[in-house]
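J.: sequence and predicted structure are below.
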2 protein chains.
Amino acid sequence: MLDVSDLEATRQRSAAVARALADSKRLCVLQCLAEGELSVRDLSDRVGCQVPNMSQHLAVLRNSGLVLTRRDGNVIYYRLADVRILEACRLLQSISS
Amino acid sequence: MLDVSDLEATRQRSAAVARALADSKRLCVLQCLAEGELSVRDLSDRVGCQVPNMSQHLAVLRNSGLVLTRRDGNVIYYRLADVRILEACRLLQSISS
DNA sequence: TCGCTACTTGCGTAGTTGCGCAATCTGTTG
DNA sequence: CAACAGATTGCGCAACTACGCAAGTAGCGA
């Protein structure tokens, strides 16, 4: 019904996604995941940070719904939740250049 | 030459744009500006905040290159710097829904 | 010049974020 | 069971952010 508070709620969700994208390491994670799923250690190696730190960044991406997980034994594989996320990364890059 | 530090610098710039988008009020500002240029007071009225607060949000958008200004007398009009910014807003909304 | 409006800036505060480190949890293997 | 690897969580700290409020700057008209 075009409620003002609905528009605000929508903006809040959009802002939450933007906040998840507002970190260089998390953008790097998403770009790495473009090639396929990776474990936490794989990602921490590629991004160049410690495993607990990576786990916290992945929690941010998880809570924003940008990544999904799959457990295989004691390894957890992360993957992109939506191809549009890569589109968003490219668009951010395009705007910022 | 596909330098790793260049990729990192690119991600930093992209992250900076995302950070500018990572606020509900600033998203509201950008959506208001989709219809055309507006003054600071216009924007603070529409968004529902005090003028100094709006001025600070506009400074964030300005420093990220998302908006441009034009002075007419003692009124400063803000406008979008790039139509792709609206595309980014729509994409964020699409991802977050 | 004075007074007014439009806008920006500085400051203090409360809340948030990213990070390293230690501790903990979870699942596998011997 | 014990020992181990993979991953998450909790804690403390430094840096940053949004906000309200007060003060300052810029331009216009009397």
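T.: That came in fine, so what should we check first?
J.: what about stretch A:39-52, near DNA strand D?
T.: Yes - applying Cβ under 7 Å from any atom of the strand, one finds stretch A:39-52 touching DNA strand D at A:39-41, A:51-52. The way it works is simple: take the backbone N, C-alpha and C, and place the C-beta from them, glycine included.
J.: contacts for that stretch?
T.: With Cβ atoms under 8 Å, 6 or more residues apart in numbering or on different chains as the test, stretch A:39-52 has contacts from A:25, A:28-29, A:32-33, A:38, A:53-55, A:57-58, A:75-78.
J.: pLDDT averaged over it - what is it?
T.: Taken as a whole, stretch A:39-52 has an average pLDDT of 98.
J.: send me it as CSV with only the CA atoms.
T.: The C-alpha trace of stretch A:39-52 is given here as CSV (Å, rounded to 0.1, in the frame of the first residue of the first chain):
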residue,chain,number,x,y,z
SER,A,39,36.7,-23.2,2.7
VAL,A,40,37.4,-20.7,5.4
ARG,A,41,41.1,-21.5,5.3
ASP,A,42,41.2,-21.2,1.5
LEU,A,43,39.6,-17.7,1.8
SER,A,44,41.8,-16.6,4.7
ASP,A,45,44.9,-17.6,2.7
ARG,A,46,43.7,-15.8,-0.5
VAL,A,47,42.6,-12.6,1.3
GLY,A,48,45.6,-12.6,3.6
CYS,A,49,44.2,-12.6,7.1
GLN,A,50,43.8,-14.8,10.1
VAL,A,51,41.2,-17.5,10.2
PRO,A,52,39.1,-16.0,13.1
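J.: between which two of the residues of stretch A:39-52 next to DNA strand D is the distance greatest?
T.: The largest distance within the residues of stretch A:39-52 next to DNA strand D, taken as Cβ to Cβ, falls between A:Ser39 and A:Pro52 and amounts to 14.5 Å.
J.: where does the residue positioned nearest the centre of chain A fall, secondary structure wise?
T.: What sits nearest the mean C-alpha location of chain A, by Cα atoms, centre = their mean, is A:Leu61, with 3.9 Å. Assigned by DSSP states H and E, A:Leu61 belongs to helix A:51-63.
J.: how far out from the middle of the chain is that helix?
T.: 9 Å (Cα atoms, centre = their mean, to the nearest Å).
J.: again with stretch A:70-80
T.: Here stretch A:70-80 is found 15 Å from its chain centre; the criterion is Cα atoms, centre = their mean.
J.: residues of it that come out buried?
T.: A:76-78, A:80 (16 or more other Cβ atoms under 10 Å in any protein chain shown).
J.: can you give me the buried ones in the top helix by length along chain A?
T.: In chain A, assigned by DSSP state H, the helix with the most residues is helix A:4-21. For helix A:4-21, the neighbour count (16+ other Cβ under 10 Å) marks A:10-11, A:13-21 as buried.
J.: what about DNA strand C: which of these touch it?
T.: Among those, the ones lying near DNA strand C by Cβ under 7 Å from any atom of the strand are A:Arg19.
J.: name the spans of chain A whose pLDDT lies under the cut-off.
T.: Nowhere does chain A drop to pLDDT under 70.
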